[in-house]
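Chemist: Sequence first, predicted model second:
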Amino acid sequence: MKTFHNEAEPGAIAKTVLMPGDPLRAKYIAKTYLENVVCYNQVRGMYGFTGNWKGRPVSIQGSGMGIPSMGIYAYELFHNYGVDNIIRIGTAGAIHTEVAVGDVVFAMGCCTNSSFAKQYHLPGTFSPVADYALLERAVNIARKSNVRFHVGNVFSSDVFYEDQTGEKAVWSKMGVLIQEMETLSLYCTAARAGKHALSILTAGSSIHTNTALTNEQREQNLDVMIRCALELAEGKDT
């Protein structure tokens with residue numbers, strides 16, 4: 001069913017969707033990695049594509065920036081289009097000293113300063129986590145790919161520009177690995193819908209160094225993350 005944000009026809013979206021934040025990155029991934037690509041959505045410039053990866057249908061959909069935007073698109077994909085699995089693939093900022101620029105992080109759990117989960121009116125604090133089956137398979141793929149990776153908590157923030165400097169570093173004291181802006185709503189929405197989600201993140205920068213991925217390095221490092229996600233979509237560990 002079409003929505004205010006997605007003009008896809010019924011059946012146009014695959015059961016597994018890879019979601020970068022940047023819609024132009026979604027376009028790049030679809031054109032670079034998939035075969036027989038069809039664009040199913042251009043509403044608000046938030047491109048969505050479906051194509052084949054090793055003969056299996058996979059969709060690539062931009063999520064936009066931030067918890068609310070991801071929440072909208074993930075909800076509609078799960079509820080309106082019958083998607084079963086969403087794999088977020090994005091860049092983030094390392095806040096733990098053990099995470100180097102270029103490392104891959106699998107978000108096992110998610111901390112936040114967002115009030116997104118209050119909509120569920122739960123009698124306590126909900127702790128959103130990844131789908132274990134997707135996480136386990138992603139780790140197996142990463143091990144075989146000789147890629148440096150970490151598994152643990154991430155911090156989903158509503159704030160990009162902090163008013164009080166140093167707030168990111170406080171989270172690292174609790175072992176939180178990286179800061180980003182979308183995983184919280186993805187994991188909450190998947191849990192509420194009874195569906196499956198995983199965030200795979202590449203550290204594009206770090207609060208502990210002045211270095212960041214160059215455009216050339218970004219393409220190379222993101223390729224590792226993208227291929228891992230595509231292997232997950234294929235349903236195999238190799």
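Modeler: Cool, the structure landed.
Chemist: mind listing the helices in this protein by residue range?
Modeler: When secondary structure is read from DSSP state H, the chain shows helices at 23-33, 67-79, 132-144, 167-172, 183-193, 215-234.
Chemist: Name the residues of the last one that are buried.
Modeler: The one in question is helix 215-234. 221, 222, 224, 225, 226, 228, 229, 230, 231, 232, 233, 234 (16 or more other CB atoms under 10 Å). Yep, even glycine has a C-beta here, placed from its N, CA and C like the rest.
Chemist: In terms of pLDDT, where does the third one sit?
Modeler: Okay, so that is residue 224. On pLDDT, residue 224 comes in at 90.
Chemist: State the distance from it to residue 218.
Modeler: Residue 224 sits 11 Å away from residue 218 when distances are taken as CB to CB, to the nearest Å.
Chemist: Name the nearest residue to residue 38, sequence neighbours excluded.
Modeler: residue 50 (5.5 Å; CB to CB, 6 or more residues apart in numbering).
Chemist: In space, what's closest to the residue nearest to the spatial centre of the chain - neighbours in sequence excluded?
Modeler: Centroid-nearest residue in the chain: residue 88, 1.7 Å away (criterion: CA atoms, centre = their mean). Leaving aside its chain neighbours, residue 88 sits nearest to residue 199 (4.1 Å; criterion: CB to CB, 6+ apart).
Chemist: I'd guessed the one you found sits against residue 104; true?
Modeler: No - using CB atoms under 8 Å, residue 199 makes no contact with residue 104, being 10.9 Å away.
Chemist: Need phi/psi at the residue in the chain sticking out farthest from the centre.
Modeler: Distance from the C-alpha centroid of the chain, by CA atoms, centre = their mean, peaks at residue 123 (27.8 Å). The phi and psi values for residue 123, taken as degrees, to the nearest 10, are phi -80, psi 50.
Chemist: pLDDT at it, what is it?
Modeler: The model's pLDDT for residue 123 equals 97.
Chemist: how close does residue 128 sit to residue 68?
Modeler: Applying CB to CB, the value for residue 128 to residue 68 is 15 Å.
Chemist: try residue 154
Modeler: Taken as CB to CB, the span from residue 154 to residue 68 is 18 Å.
Chemist: the more surrounded of those two?
Modeler: Set residue 154 next to residue 68 and count neighbours by other CB atoms under 10 Å: residue 154 wins out with 30 against 14.
Chemist: what about the nearest residue to residue 159 once chain neighbours are set aside, neighbour count?
Modeler: Once flanking residues are discounted, residue 159 sits nearest to residue 113: 6.9 Å by CB to CB, 6+ apart. Neighbour count for residue 113, taken as other CB under 10 Å: 13.
Chemist: separation between residue 113 and residue 164?
Modeler: From residue 113 to residue 164 the distance is 12 Å (CB to CB).
Chemist: now do residue 127
Modeler: Taken as CB to CB, the span from residue 127 to residue 164 is 25 Å.
Chemist: Pick out whichever of the buried residues of helix 215-234 sits closest to residue 147.
Modeler: Each of the buried residues of helix 215-234 was scored against residue 147 by CB to CB, and residue 224 proved nearest at 5.1 Å.
Chemist: neighbours around the residue lying closest to the closest one once chain neighbours are set aside, how many?
Modeler: Nearest residue to residue 224, sequence neighbours excluded (CB to CB, 6+ apart): residue 147, at 5.1 Å. Residue 147 has 16 neighbours, counted by other CB under 10 Å.
Chemist: My read is that residue 147 contacts residue 104, right?
Modeler: Yes - between residue 147 and residue 104 there is a contact under CB under 8 Å: 5.8 Å.
Chemist: Which neighbours do these two have in common?
Modeler: Taking CB atoms under 8 Å, 6 or more residues apart in numbering as the contact criterion, the residues that touch both residue 147 and residue 104 are 224, 228.
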